[in-house]
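Novice: Give the three-dimensional model of this entry:
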Amino acid sequence: NSPAMQQLRLLVEKVASTDANILITGENGTGKEMLAREIHSLSSRNRQDMVSVDMGAVTESLFESELFGHMKGSFTDARADRAGKFEAAAHSTLFLDEIGNLPYHLQAKLLTAIQRRSIVRVGSNTPISVDIRLICATNRNLPEMVAKGEFREDLLYRINTIHLEIPSLRERPEDIIPLAELFIARFCKQYDKPFVKLTDGAREKLTLHPWYGNIRELEHAIEKAIIICDNDTLPAELFQLAWRTGTPEASASTLEEMEMQMIRKTLDKCSGNLSAVAAQLGITRQTLYNKMKKYGL
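Specialist: Next up is the predicted model:
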């Protein structure tokens with residue numbers, strides 16, 4: 001529901017129907033692959049499955065074979081001709097996840113394939129044309145890597161025709177409760193439990209948590225709470241949320257400072273409309289009044 005996600009949605013709808021190369025950036029757990037699948041499903045290539053490759057999991061020695069395929073006998077264990085991911089994604093979408101993890105010396109090989117729209121299997125000299133739509137994703141700062149000589153500038157320009165940035169969950173707190181409720185419904189069904197509701201305290205705790213693991217962290221927190229819940233509500237104490245400092249909870253002063261900042265930011269965003277502020281923060285108006293009085297807002 002957040003303005004940032006509404007804006008992203010509009011941009012996705014504009015670019016999905018094209019064949020423009022797309023680079024999706026965002027922190028871990030923000031849903032980069034899910035966004036890639038959404039783009040694919042809205043495209044004219046959706047009759048075939050999207051092909052995904054985790055670039056961080058592909059070993060250097062098998063990079064060319066994995067992406068471009070190989071011919072029988074081209075290396076030990078190459079017992080038959082094999083198509084690579086580029087060929088497998090013909091007339092579909094090729095999603096290269098964690099593109100920032102690709103070693104520098106292999107980036108030129110990828111760039112050549114993208115530029116020529118053709119590949120050569122390992123052990124062959126014959127180019128094979130490939131008709132793909134390319135989507136890449138990373139949680140790393142590629143322009144910064146270019147400046148450090150860790151990522152090819154020409155490759156960045158080639159994969160970055162359209163750039164989609166997924167904001168972190170803490171940048172859009174109004175989406176936390178709707179997402180939590182979505183996960184509650186999913187896990188209640190999965191674990192064959194009656195539907196449960198978040199208490200006001202739980203809504204407040206979830207809204208104020210920084211969610212450094214983003215949507216993935218929220219999903220895991222909800223799943224754990226559903227598993228251990230024995231009542232028809234999910235109270236705040238069911239959520240033992242880890243903080244980046246390594247301690248189970250941040251200090252009270254840090255928590256209060258963060259809470260004050262979030263209330264102040266939401267007050268500004270809602271132009272002082274207290275009903276809207278309470279709704280976005282997932283708390284009652286009375287709780288909001290109390291907290292504003294506490295922090296002198």
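Novice: all contacts plus neighbour counts: C-alpha atoms, from now on.
Specialist: Will do.
Novice: Surely Asn139 touches Gly29?
Specialist: No: using Cα atoms under 8 Å, Asn139 is not in contact with Gly29, being 9.4 Å away.
Novice: who touches stretch 195-211?
Specialist: Applying Cα atoms under 8 Å, 6 or more residues apart in numbering, the external contacts of stretch 195-211 come out as 169-170, 173-174, 176-177, 181, 184-185, 188-189, 217-218, 231-237, 239, 241, 258-259, 262, 281-284.
Novice: let's see it at 6 Å
Specialist: 170, 188, 232-236, 282-283 (Cα atoms under 6 Å, 6 or more residues apart in numbering).
Novice: who wins for most neighbours among those residues?
Specialist: Gly282 (25 neighbours; other Cα atoms under 10 Å).
Novice: what secondary structure does the residue lying closest to that residue once chain neighbours are set aside sit in?
Specialist: In space, and not counting its chain neighbours, Gly282 is closest to Arg203: 5.6 Å by Cα to Cα, 6 or more residues apart in numbering. Following DSSP: H, G, I helix; E, B strand; the rest coil, Arg203 is assigned to helix.
Novice: What pLDDT is listed against Arg203?
Specialist: Arg203 carries a pLDDT score of 95 in this model.
Novice: Roughly how far does it sit from Thr59?
Specialist: 43 Å (Cα to Cα, to the nearest Å).
Novice: Please say which of the two ends up with more neighbours.
Specialist: Remark: of Arg203 and Thr59, Arg203 carries more neighbours, 20 against 12, as counted by other Cα under 10 Å.
Novice: which stretches of the protein form helices?
Specialist: In the chain, helices defined by DSSP state H lie at 3-15, 32-41, 63-68, 85-88, 104-116, 142-147, 153-159, 176-190, 200-208, 214-228, 252-269, 274-281, 285-295, listed in chain order.
Novice: CA atoms of the longest one as PDB?
Specialist: Provided in PDB are the C-alpha atoms of helix 252-269 (Å, rounded to 0.1, in the frame of the first residue of the first chain):
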ATOM      1  CA  ALA A 252      15.400   0.800  25.800                       C
ATOM      2  CA  SER A 253      16.800   4.200  24.900                       C
ATOM      3  CA  THR A 254      17.500   3.000  21.300                       C
ATOM      4  CA  LEU A 255      14.000   1.500  21.100                       C
ATOM      5  CA  GLU A 256      12.400   4.700  22.400                       C
ATOM      6  CA  GLU A 257      14.500   6.900  20.100                       C
ATOM      7  CA  MET A 258      13.500   4.800  17.100                       C
ATOM      8  CA  GLU A 259       9.800   4.800  18.100                       C
ATOM      9  CA  MET A 260       9.900   8.600  18.500                       C
ATOM     10  CA  GLN A 261      11.500   9.000  15.000                       C
ATOM     11  CA  MET A 262       9.000   6.800  13.400                       C
ATOM     12  CA  ILE A 263       6.000   8.600  14.900                       C
ATOM     13  CA  ARG A 264       7.500  12.000  13.900                       C
ATOM     14  CA  LYS A 265       8.200  10.800  10.400                       C
ATOM     15  CA  THR A 266       4.600   9.400  10.100                       C
ATOM     16  CA  LEU A 267       3.200  12.600  11.500                       C
ATOM     17  CA  ASP A 268       5.000  14.600   8.800                       C
ATOM     18  CA  LYS A 269       3.900  12.200   6.100                       C
END
